[in-house]
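Enquirer: pasting the sequence and the predicted coordinates here, then a few questions.
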Amino acid sequence: MSRRALMISGAALMAVAVATATTACTDTESRIATTSGALPAPSGGVAEFSPAAPTGPNRIGTQSLHLIDTSRADPWVGGEKRQLMVSLWYPTHAGEGEYPSAAWLTKAAADSYLNHVGVGPGKVAFGETRGLVGAPVDRTLGDLPVVLYSPGANASRAFGTGIAQELASRGYLVVTIDHTYDATVVEFPCNRVVMNPDGEIADFGKAVSVRVDDTRFVLDQLELLEAGRNPDVDSAPLPAGIAGALDLTRVGMLGHSLGAATAASAMYADGRIKAGMGLDGGGVGPVVEAGLDRPFLVVDTEGKGGRATNALLQKFWSNLRGWRLNLTLKGAAHNSFGDDAQLIPIALPFAGVSSQDIREMVGTIPTDRALAFQRTYPLAFFDQQLRGVGHRLDGPSPDFPEVAYAR
């Protein structure tokens, strides 16, 4: 398998197959088990991966939702309505051990994923997140601002777990979205795993358009959730206190790579999104020429072709009419963002990827510094734009010499 095919997220897309089962799972106990079931505990010599621990003061609850947009045929495959899996991440007052911890990837999805990228059985074990499945929402924090997360092309919502956990630990409700048949792997209830049926996305304009529709549909479902209705098609139990806990007047969006383009395009299409942040992704579609009148934070790298050399990103930047900031993370590469920053150096050596090729993917920035950026700057941006607090983005910080500012 080529190095291009082994890249876990971003513009590289892997050849994959699609499962044929379509029956939704209605067994509540089975649903909870698959949501929380991690891979077996590793034996000696097995590499382990778990997303970075959050640093905020709150414990974290999580719940997955199975959503179906009955108004829309799936644009990638025939004969079915558009189905999505999303995860909610939010602060909880539950104690450790009161609820099961969610897996980073559930077993069926993890097995499919590792097999495809060429990592042999028993080489890498995915551990648990800090999310407590179904734990009640901490309502003492008041209404929670909402952040949507869209992953890169050929990446799953799990790859944004570290960022989602950090924001949730700081009092946000984060919604991570799987864009089905674009994502590397999506596991629906009853262990139904689907992957990209065509091997790769050739039409990125179409992909962003589909993702924008996905995002707007998810926002509609959050409005139902806020109103006390259960949008999960299998009637999975919802966390206590979720109804009425969302502040849908304060919605932001964050994405990596194609997810960054999705965040910009979704903001252009839907005024409910008040602020957007893109991690190393360019502009796609009408928003490039039209620009935005709301805050947008562009994060780029020197190696991939950031704003300095990317003509579409330059045009998008020039047409931003609201608050704007461009941060360049020195020493980073395209996969220095999201959980890739940790996962690639752990997993891909078992697929035969050289250390030089891994450096091209994740850059020369130390992993702890990449994670420090992800803990700090999304929080600073959404705190400033959705909560009106904080000064981290006023200018360069001696705590982060690797971050360059441009306005």
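Expert: Looks like it came in fine.
Enquirer: for the longest helix anywhere in the chain, packing partners?
Expert: In the chain, taking DSSP state H as the definition, the longest helix is helix 204-226. On a contact count with 3 or more CB pairs under 8 Å, 6 or more residues apart in numbering; DSSP states H and E, helix 204-226 meets strand 59-73, strand 81-92, strand 144-150, strand 173-178, strand 246-256, helix 258-269. C-beta here means a position set from N, CA and C on the backbone, and glycine is covered the same way.
Enquirer: which residue ranges of the stretch 301-407 of the chain form helices?
Expert: Along the stretch 301-407 of the chain, the segments classed as helices by DSSP state H, counting those that start in this stretch run 311-318, 340-347, 355-362, 367-382.
Enquirer: those helices: which one's closest to residue 233?
Expert: Closest of those to residue 233 is helix 367-382, at 29.6 Å (criterion: CB to CB).
Enquirer: chain center to the closest one: distance?
Expert: In terms of CA atoms, centre = their mean, to the nearest Å, the centre of helix 367-382 is set 14 Å apart from its chain centre.
Enquirer: check stretch 202-217 too.
Expert: That offset, for stretch 202-217, works out to 15 Å (CA atoms, centre = their mean).
Enquirer: please shift the residue numbers so they start at 521 in all later answers.
Expert: With 521 as the first residue, the last one maps to stretch 722-737.
Enquirer: now do the buried residues in it.
Expert: The neighbour-count check on stretch 722-737 (16 or more other CB atoms under 10 Å) flags 724, 727, 728, 729, 730, 731, 732, 733, 734, 735, 737 as buried.
Enquirer: ok, back up a step: residue 612: which of the helices of the stretch 821-927 of the chain is closest?
Expert: Short answer: helix 887-902, nearest of the helices of the stretch 821-927 of the chain by CB to CB, at 18.3 Å.
Enquirer: quick one: contacts of the closest one?
Expert: Residues from elsewhere that reach helix 887-902, judged by CB atoms under 8 Å, 6 or more residues apart in numbering: 572, 574-575, 665, 667, 682-683, 686-687, 690, 692, 772, 774, 795, 797, 815, 817, 819, 847, 849, 851-852, 856-858, 861-862, 865, 882-883, 910, 912-913, 920, 922-923.
Enquirer: just the CA trace of that helix, in CSV.
Expert: C-alpha atoms of helix 887-902 as CSV (Å, rounded to 0.1, in the frame of the first residue of the first chain):
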residue,chain,number,x,y,z
THR,A,887,3.8,15.9,19.8
ASP,A,888,3.3,17.6,23.1
ARG,A,889,3.5,21.0,21.5
ALA,A,890,1.0,20.1,18.8
LEU,A,891,-1.4,18.9,21.6
ALA,A,892,-0.7,22.1,23.6
PHE,A,893,-1.8,24.1,20.5
GLN,A,894,-5.0,22.1,20.2
ARG,A,895,-5.9,22.4,23.9
THR,A,896,-5.3,26.2,23.8
TYR,A,897,-6.2,27.9,20.6
PRO,A,898,-9.7,26.4,19.7
LEU,A,899,-10.7,27.2,23.3
ALA,A,900,-9.3,30.7,23.1
PHE,A,901,-11.1,31.3,19.8
PHE,A,902,-14.5,30.1,20.9
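Enquirer: list the buried residues of that helix.
Expert: The neighbour-count check on helix 887-902 (16+ other CB under 10 Å) flags 889-902 as buried.
Enquirer: now for those residues, which pair is the farthest apart?
Expert: Spatial extent of the buried residues of helix 887-902 (CB to CB) is set by the pair 889 and 902 at 20.9 Å.
Enquirer: out of the helices and strands packed on helix 724-746, which comes closest to residue 754?
Expert: Comparison of the helices and strands packed on helix 724-746 against residue 754 by CB to CB identifies strand 579-593 as nearest, at 5.4 Å.
Enquirer: give me the mean pLDDT for the closest one.
Expert: Mean pLDDT, computed over strand 579-593, is 98.
Enquirer: that strand to strand 693-698, inter-axis angle?
Expert: Relative orientation of strand 579-593 versus strand 693-698 (axes from the mean of the first three to the mean of the last three CA atoms, to 10 degrees): 50 degrees.
Enquirer: tell me where the model's unsure across the stretch 671-820 of the chain.
Expert: Residues of the stretch 671-820 of the chain that meet the criterion pLDDT under 70 lie in 719.
Enquirer: quick one, helices of the stretch 521-670 of the chain?
Expert: 523-526, 548-556, 627-637.
Enquirer: tell me what the last one is packed against?
Expert: I take that to be helix 627-637. When contacts are defined as 3+ CB pairs under 8 Å, 6+ apart, helix 627-637 sits against strand 706-708, strand 712-714.
Enquirer: need the ones you listed in JSON lines (columns: distance to residue 585 and mean neighbour count).
Expert: Listed next are those as JSON lines, based on distance: least, CB to CB, whole Å; neighbours: other CB atoms under 10 Å:
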{"stretch": "strand 706-708", "distance to residue 585": "11", "mean neighbour count": "25"}
{"stretch": "strand 712-714", "distance to residue 585": "15", "mean neighbour count": "21"}
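Enquirer: nearest to residue 600, out of the ones you listed?
Expert: Nearest to residue 600, of all these, is strand 712-714, at 10.3 Å by CB to CB.
Enquirer: okay, now the sheet partners of that closest one, with direction.
Expert: Each strand that pairs with strand 712-714, with its direction, by DSSP bridges: strand 706-708 (antiparallel).
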